[in-house]
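*Asks:* Quick one, what's the 3D model for this:
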Amino acid sequence: MFGAFSKNTIFSGLFFFFVLFSLFITRPFRSAIAADIGTQNLPIYLILIVLVMVAANLIYSYTVSKVQENRIVTYVYSFLLINMFIFLFCYQLYPDSFTLRASFYVWYNIFNFFVVAVFWARTINCFDKEEGKRNYGIISAFGTFGGWLAGILVTNLLYDQGEEVSIGLSALSLGCAMYLSSKLSPKKVSNKANIGILMEQIFEQFKQIRLNRNIQYLVSYGFFWTCLSTALYFFNLEIINAYTDDTSRKVQIFSFADNIVLPLTLLFQASSVLILTNKRLGLSFVLGLYGIFFAISFTLMSLHFIQLLLPASGIILFYIISLFQRPYEYGLNKPAREVAYTTLSKTEKYKSTVIIDTLINRSGDASGGILFNMIISFGIVLYAAPLLMLPLAGILVFIGNRIANRVEIVKK
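*Replies:* I've put the predicted structure just below:
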């Protein structure tokens, strides 16, 4: 029993190491493209991402209904690898094309969420709720090392090489992740055969949301935290674009943020076991505190734009907020959400959790971007705009507490 448990923890960790390496080796380039696009036009791309994500989720739902569980990662990751090779080919033909770079931005945002969501869907089937509390922080730490190594490579070697070199390394890493996924041993749990007509299989994700109140709360939480996160990201882009117009410099800024954020994430992940298993803290503390963090961050943004906080050094504020938001997200909040997912059925883990981590989160992204531009277009001054996000932060605190209360009453 202990040997099987140890095997799943180690291989899940290595699996996640290569997943996040694959993501973070290209992430700074994605962020630099977003900065070049600008906050005024970016919501158009986010809406396009949502539309593509709808189609991708319908295809994914049908695929999951038809293939064996141990082949889901292979199917999804193989498709993503083919996409990477297509981008590499196109970059050889059109190395300076903005349309190609913008297309890569759209694709990366879909790739980003699917590759991680499928990883967690595979992993949470290998642990129960209590095992998840003890191990998800450790598994996440493996991923942090992968992302940190990728950030170092970009900052010191790849920042001025263009997207194609990083895409090649990303493809190699994703291939390693796909291999390691085959080494996991999921728990054997009862699961009704998923037999139905084509449309029922395709839309089963939405049916699960309609029938399960726990999933409804998780959907709401996913929407609101990504909405808040993207709105905060847009304010950060305003700061970075005011700091520099050079794309290579923007890549360096984003990759440097990864380098300082990811080691700090390890501290959060190291403490996740103590916090998630603590009766006085636990899921309620972790999920609810995220809303409080966003409230503080938006308040700091407002103080900056009103020239009361770091008026000449906005880039420092960007780093300060990143030092708290992303370590908290990767080190505590994400493992806590995955613990909540362990209480779902096996089919729900592969379908509902993925639609939350892809379509719902992308919809939150688009909504956050649209909300940012609506606030600005209505003539709200920049220093007052962040304060309008505070009610949404309060809603996130409420939903987080409701999720925690419902999860804790679920029997092992």
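
*Asks:* contacts, neighbours, all on C-alpha from now
*Replies:* OK.

*Asks:* low-scoring stretches of the stretch 251-400 of the chain, by residue?
*Replies:* Applying pLDDT under 70 to the stretch 251-400 of the chain flags residues 346-352.

*Asks:* and the gap between residue 105 and residue 34?
*Replies:* 7 Å (C-alpha to C-alpha, to the nearest Å).

*Asks:* More neighbours: those two, which one.
*Replies:* Remark: of residue 105 and residue 34, residue 105 carries more neighbours, 23 against 20, as counted by other C-alpha atoms under 10 Å.

*Asks:* secondary structure element for the closest residue to that one other than its chain neighbours?
*Replies:* Spatial nearest neighbour of residue 105, chain neighbours left out: residue 30 (5.6 Å); criterion: C-alpha to C-alpha, 6 or more residues apart in numbering. Applying DSSP states H and E as the criterion places residue 30 in helix 27-37.

*Asks:* so where's the stretch 1-150 of the chain uncertain?
*Replies:* Counting by pLDDT under 70, the low-confidence segments of the stretch 1-150 of the chain come to 1-6, 64-65, 129, 132.

*Asks:* what helix or strand does residue 299 sit in?
*Replies:* Per DSSP H and E: helix 282-305 holds residue 299.

*Asks:* Now find how far off-centre that helix is within its chain.
*Replies:* Centroid separation between helix 282-305 and its chain, computed with C-alpha atoms, centre = their mean, to the nearest Å, is 18 Å.

*Asks:* Identify all contacting residues around the following helix or strand past it.
*Replies:* Where DSSP H and E defines the elements, the next helix or strand beyond helix 282-305 is helix 314-328. Contacts to helix 314-328, defined as C-alpha atoms under 8 Å, 6 or more residues apart in numbering, come from residues 236, 239-240, 243, 257, 260-262, 264-266, 268, 290, 293, 297, 304, 310.

*Asks:* ok, residue 236 to residue 35 distance?
*Replies:* Separation of residue 236 from residue 35 (C-alpha to C-alpha) stands at 9 Å.

*Asks:* Which residues outside stretch 271-282 are in contact with it?
*Replies:* Residues contacting stretch 271-282 (C-alpha under 8 Å, 6+ apart): 133-135, 137, 283, 286, 331-332, 335-336.

*Asks:* Any of those residues buried? List them.
*Replies:* For those, a burial check counting by 16 or more other C-alpha atoms under 10 Å picks out 133-135, 137, 283, 286, 331-332, 335-336.

*Asks:* of those residues, closest to residue 114?
*Replies:* Top of the list for closeness to residue 114, among the buried ones among the contacts of stretch 271-282 and by C-alpha to C-alpha, is residue 335 at 16.9 Å.

*Asks:* Point me to the helix or strand that includes that closest one.
*Replies:* helix 334-341.

*Asks:* do residue 144 as well
*Replies:* Residue 144 belongs to helix 129-153 when assigned by DSSP H and E.

*Asks:* And the very next helix or strand once past that helix, what's buried?
*Replies:* Later in the chain than helix 129-153, the nearest helix or strand by DSSP H and E is helix 163-181. By neighbour count on 16+ other C-alpha under 10 Å, the buried set for helix 163-181 is 163-164, 166-171, 173-178, 180-181.

*Asks:* and what of stretch 378-386?
*Replies:* Of the residues in stretch 378-386, 382-386 count as buried by neighbour count, 16+ other C-alpha under 10 Å.

*Asks:* Now distance to residue 226 too, for those, in a markdown table please.
*Replies:* Below are the buried residues of stretch 378-386 laid out as a markdown table (distance: C-alpha to C-alpha, whole Å):
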| residue | distance to residue 226 |
| --- | --- |
| 382 | 21 |
| 383 | 21 |
| 384 | 21 |
| 385 | 18 |
| 386 | 15 |
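
*Asks:* out of the residues you listed, who's nearest residue 9?
*Replies:* The nearest member of the buried residues of stretch 378-386 to residue 9, counting by C-alpha to C-alpha, is residue 386 at 40.6 Å.

*Asks:* How about the closest one: what's its closest non-neighbour residue?
*Replies:* Closest residue to residue 386 apart from its sequence neighbours, by C-alpha to C-alpha, 6+ apart: residue 298 at 5.0 Å.

*Asks:* ok, how many other residues are close to that neighbour?
*Replies:* Residue 298 has 25 nearby residues by other C-alpha under 10 Å.

*Asks:* which ones are touching it?
*Replies:* 232, 386-387, 389-390.

*Asks:* ok, those residues vs residue 122, which is closest?
*Replies:* Proximity of the contacts of residue 298 to residue 122 (C-alpha to C-alpha) peaks at residue 232, which lies at 30.6 Å.

*Asks:* what angle do the helix or strand where that closest one lies and helix 334-341 make?
*Replies:* Using DSSP H and E, residue 232 sits in helix 213-243. With axes from the mean of the first three to the mean of the last three C-alpha atoms, to 10 degrees applied, the angle from helix 213-243 to helix 334-341 works out at 160 degrees.

*Asks:* Packing partners of helix 213-243?
*Replies:* Other elements packing on helix 213-243 under the criterion 3 or more C-alpha pairs under 8 Å, 6 or more residues apart in numbering; DSSP states H and E are helix 27-37, helix 204-211, helix 282-305, helix 314-328, helix 361-377, helix 390-408.

*Asks:* what element comes up after that helix heading to the C-terminus?
*Replies:* Following helix 213-243 toward the C-terminus (DSSP H and E): helix 247-277.

*Asks:* From the chain's centroid, how far away is that next one?
*Replies:* Taking C-alpha atoms, centre = their mean, the mean C-alpha location of helix 247-277 is offset from the chain mean by 13 Å.

*Asks:* Correct me if wrong: residue 258 contacts residue 146.
*Replies:* No - the criterion here is C-alpha atoms under 8 Å, and residue 258 misses it with residue 146 at 11.2 Å.
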